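Student: Next come a sequence and a model predicted from it.
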Amino acid sequence: MRTSGLSSNGWLTQVLWRGVVGLMVSLVVMLGLAVGPAQAIAVFQLPTVAAGSDTWLVDDAGIISRINENKIATRLSNLAESTGSEVRLVTIRHFDYGETVQTFTDKLFERWYPTPEAQANQVLMVLDEVTKTVGIHVGDGAATRLPEDIATSVAQETVLVPLLQGDKYNQSFLDATDRLVAVLSGQEDPGPPAFEESFDTLSESTFASAETTDENRGNKAVLLIVLLVLATVIPMATYFWYAGFGN
């Protein structure tokens, strides 16, 4: 007599494989959540901003408020109109593997301004949120008013001090904008912010955390891969164990 439905082994196989599929889907979602937020970005993934464009801030990391974005854009637009010098600020979550924030900045500068004429009056500054590092590239024309030592101080002091004192991204970019506008307009350099006594300790602690970021991300990925393998192997082993007893 024919019987309807699945044999016990067939039913068990179907249940186990449904469990495997469910676990695999869950682990893929977990892997995406763990890696996605800190995913590296390449230069070509940012929108292209040409010389003369009215885009002054590309906040890819999403760390600048809309109000302050408008303030920055207004000040930099007025600077370009009055002096011809164009300053653009960029935030990213993390640069691509094998890069530093300065190599990323240099490559982005070349991509946005491919000719010497386009590069001349440009200043480009990039902040990486994960490592809290800043790169700056100044065109030859703008460098006559913004010398290298001041440009470096803007990137490494004006921007970084508020970040190391409490992730004050908006204050950091507003202060950097004001200082760049003053210097490029021919005014006296207001200088970097005053260091607090705890600055050195904060700096050391912050950069130590940044150095472990990639290692922690890698450990999470390895753990999720191991779980994925276990999710596949354990149900199969369980099936064969039951099947052996069934025989």
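Tutor: Structure's in. What do you need?

Student: Show me the domain layout of this protein.
Tutor: 43-195, 197-240 (automatic domain parsing).

Student: Dump those into TSV; add mean neighbour count as well.
Tutor: The way it works is simple: take the backbone N, C-alpha and C, and place the C-beta from them, glycine included. Below are these laid out as TSV (neighbours: other C-beta atoms under 10 Å):
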stretch	mean neighbour count
domain 43-195	18
domain 197-240	13
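
Student: Comparing the ones you listed, which yields the minimum mean pLDDT?
Tutor: Lowest mean pLDDT within the domains of the chain: domain 197-240, a mean of 52.

Student: Please, where are all the strands along this protein?
Tutor: 57-59, 86-92, 122-128, 133-138 (DSSP state E).

Student: right, so of the ones you listed, which gets closest to Phe44?
Tutor: strand 86-92 (12.7 Å; C-beta to C-beta).

Student: helices or strands up against that closest one?
Tutor: Helices and strands touching strand 86-92, as assessed by 3 or more C-beta pairs under 8 Å, 6 or more residues apart in numbering; DSSP states H and E, comprise strand 57-59, helix 66-83, helix 101-112, strand 122-128, helix 169-184.

Student: switch to 6 Å and redo it
Tutor: strand 57-59, strand 122-128 (3 or more C-beta pairs under 6 Å, 6 or more residues apart in numbering; DSSP states H and E).

Student: partners of it in the sheet?
Tutor: Next to strand 86-92 in the sheet, as set by DSSP bridges, lie strand 57-59 (parallel), strand 122-128 (parallel).

Student: How about residues contacting the last one?
Tutor: By C-beta atoms under 6 Å, 6 or more residues apart in numbering, the residues outside strand 122-128 that reach it are 86-92, 95, 101, 105, 109, 113, 134-139, 142.

Student: cool, and stretch 160-179?
Tutor: The contact list for stretch 160-179 (C-beta under 6 Å, 6+ apart) reads 63-65, 68, 72, 75, 132, 154, 158-159, 190, 193, 202-203, 206.

Student: And for stretch 72-92?
Tutor: Contacts with stretch 72-92, where a contact means C-beta under 6 Å, 6+ apart, come from 41, 56-61, 63, 121-128, 142, 177, 180-181, 184-185.

Student: which phi and psi does Asp60 have?
Tutor: Torsion angles at Asp60 (phi, psi; degrees, to the nearest 10) stand at phi -60, psi -30.

Student: From Lys71, how far out is it?
Tutor: 19 Å (C-beta to C-beta, to the nearest Å).

Student: What residues are bridge-paired with Arg88?
Tutor: With DSSP bridges as the criterion, Arg88 is bridged to Leu124.

Student: distance of it from Tyr113?
Tutor: On the measure of C-beta to C-beta, Arg88 and Tyr113 end up 10 Å apart.

Student: who's in contact with Ala61?
Tutor: For Ala61, the contact set (C-beta under 6 Å, 6+ apart) comprises 91-93, 129.

Student: can the residues you listed go into CSV with extra columns for distance to Leu163?
Tutor: Shown next, in CSV, are these (distance: C-beta to C-beta, whole Å):
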residue, distance to Leu163
Thr91, 11
Ile92, 14
Arg93, 14
Glu129, 9
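
Student: Out of these, which comes closest to Leu146?
Tutor: Thr91 (20.5 Å).

Student: Show the backbone phi and psi for Gly186.
Tutor: phi 90, psi 10.

Student: Look up the closest residue to it, ignoring the ones flanking it.
Tutor: Leaving aside its chain neighbours, Gly186 sits nearest to Arg145 (6.6 Å; criterion: C-beta to C-beta, 6 or more residues apart in numbering).

Student: my read: Trp112 touches Val49, true?
Tutor: Yes: if you go by C-beta atoms under 6 Å, Trp112 and Val49 touch, sitting 5.3 Å apart.

Student: what is in contact with the two at once?
Tutor: Residues touching both Trp112 and Val49 by C-beta under 6 Å, 6+ apart: none at all.
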